[in-house]
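**Student:** Model the structure of this input:
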Amino acid sequence: MTTNATNFTGLPSLEALWQVQQQQGSDGFYGVYGEATDTAQTVIQGNLDLLTAQINQLKELVEPFDDADTLVNQLRERVTFLDKTLGEISNTTRIVNSTLGAYGDASKMVQTLEKGGFAQDYIVHRKEELGLQNKELNTLLIEFSRYAQTLLDALNNETKTAQRLQAEEAITDVNHSVLMALYQSWLERSFAVNKLLEARLVFISGLLESLRKDLTSLQVHKMEQDVQERARQVAARRYKAKVEDVTDYDDLEGQYRHRYDEEGNLIGIEEGGQGGNRRGWQVVIVSAIIVAAIIAYFVLKG
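**Tutor:** As a prediction, the model looks like this:
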């Protein structure tokens, strides 16, 4: 039997996050924020798993009891009520963890925008929004953790009662009416948690929608830059093709001409002339020899 749920230590304050940024840079800010939201989800889910294991153990103890026993029937009623309460906590846990995940996603979006070159004032404002929300989130999570601990205490007490009934001990210190009234009063705590949760959901929904629009703007800007760069490359290739086209390749053995399509994409390479340049030099040399021979002939003849 586990007596204590895991304590929730809280998400870091905005001041703590700024201090981390001074020491580790923006990546440190986002890293600590993301780790904190992940840890909070782990704690909340772990407490739910603990409660689920405890209620299952209790129901196994109660199942074989004799229904004719009044104390047994009262215990069954309380266990049934606690089981329904756990069902509500399970639903709330799912929503709380989804909310924490959404805050983590928002942090990643802001990080993407910062790396994408968004204005520094804008980034600082978004970081402040996230950091300031941690105070409200902590209020929600601490209240929810206390609620889970209260339910765990009740399950442990009822488990002890079941064990005493199993041992056929005389039970005179359990007041069914008082316990049922107490358990029902806990629903007010559930309402308080849900109210806090609703406020956080409204905020994060608006923030995520705004960040998605900003991310879309960033993506469009990057696409425009990519198109401009593509156009520049195409223009450069076309210019190169025009320059190469005016060159006489028939007399450039060992040289190559690049062929491009209409969009400037390289589609082939052509080799230059078949020894034209070398034949040109051979003609010059032969001509020089002939001229020298003629001159020598006339000199000797004279």
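
**Student:** For the host helix or strand of Leu132, name the packing helices and strands.
**Tutor:** Using DSSP states H and E, Leu132 falls within helix 120-166. Secondary-structure packing of helix 120-166 (3 or more Cβ pairs under 8 Å, 6 or more residues apart in numbering; DSSP states H and E): helix 14-24, helix 26-62, helix 70-115, helix 176-245. For the C-beta atoms, the positions are set from N, CA and C on the backbone; glycine is no exception.

**Student:** Give me the buried positions along stretch 177-194.
**Tutor:** For stretch 177-194, burial by neighbour count (16 or more other Cβ atoms under 10 Å) applies to Leu179, Tyr183, Trp186, Ser190, Val193.

**Student:** between these, which is nearest Lys135?
**Tutor:** Of all the buried residues of stretch 177-194, Lys135 sits closest to Val193, with 16.3 Å by Cβ to Cβ.

**Student:** Do I have it right that that closest one meets Leu140?
**Tutor:** Yes: using Cβ atoms under 8 Å, Val193 is in contact with Leu140, at 6.8 Å.

**Student:** Compute the inter-axis angle for the helix holding Leu132 and helix 14-24.
**Tutor:** Helix 120-166 and helix 14-24 are oriented at 120 degrees to each other (axes from the mean of the first three to the mean of the last three Cα atoms, to 10 degrees).

**Student:** what about Ile267, which SS state?
**Tutor:** What DSSP: H, G, I helix; E, B strand; the rest coil gives for Ile267 is strand.

**Student:** Could you check the pLDDT of it?
**Tutor:** Ile267 carries a pLDDT value of 70.

**Student:** repeat for Lys195
**Tutor:** Confidence for Lys195, expressed as pLDDT, is 81.

**Student:** same deal with Glu229?
**Tutor:** So Glu229 comes in at 63 (pLDDT).

**Student:** Need the nearest residue in space to Leu11, chain neighbours excluded.
**Tutor:** Nearest in space to Leu11, with sequence neighbours left out and distances taken as Cβ to Cβ, 6 or more residues apart in numbering, is Asn134 at 4.0 Å.

**Student:** how close does the one you found get to Glu158?
**Tutor:** 36 Å (Cβ to Cβ, to the nearest Å).

**Student:** what does Asn4 give?
**Tutor:** To Glu158, Asn4 is 17 Å away according to Cβ to Cβ.

**Student:** Same drill for those two, tell me which one is more crowded.
**Tutor:** Glu158 (22 against 11; other Cβ atoms under 10 Å).

**Student:** that older thread, ok, so of the buried residues of stretch 177-194, who is nearest Phe29?
**Tutor:** Val193 (28.6 Å).

**Student:** wait, what's in contact with that closest one?
**Tutor:** Residues near Val193 by Cβ atoms under 8 Å, 6 or more residues apart in numbering: Thr92, Leu140, Glu143, Phe144, Tyr147.

**Student:** Pull out the buried residues from these.
**Tutor:** Buried among the contacts of Val193 by 16+ other Cβ under 10 Å: Thr92, Leu140, Glu143, Phe144, Tyr147.

**Student:** can you put those residues in CSV and add pLDDT and distance to Gly31?
**Tutor:** Below are the buried ones among the contacts of Val193 laid out as CSV (pLDDT from 0 to 100; distance: Cβ to Cβ, whole Å):
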residue, pLDDT, distance to Gly31
Thr92, 89, 28
Leu140, 86, 23
Glu143, 85, 27
Phe144, 88, 25
Tyr147, 89, 30
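
**Student:** Can I get those residues in TSV including distance to Arg126?
**Tutor:** Formatted as TSV, the buried ones among the contacts of Val193 follow (distance: Cβ to Cβ, whole Å):
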residue	distance to Arg126
Thr92	28
Leu140	21
Glu143	27
Phe144	26
Tyr147	31
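
**Student:** Name the member of the buried residues of stretch 177-194 with the shortest distance to Thr216.
**Tutor:** Val193 (34.4 Å).
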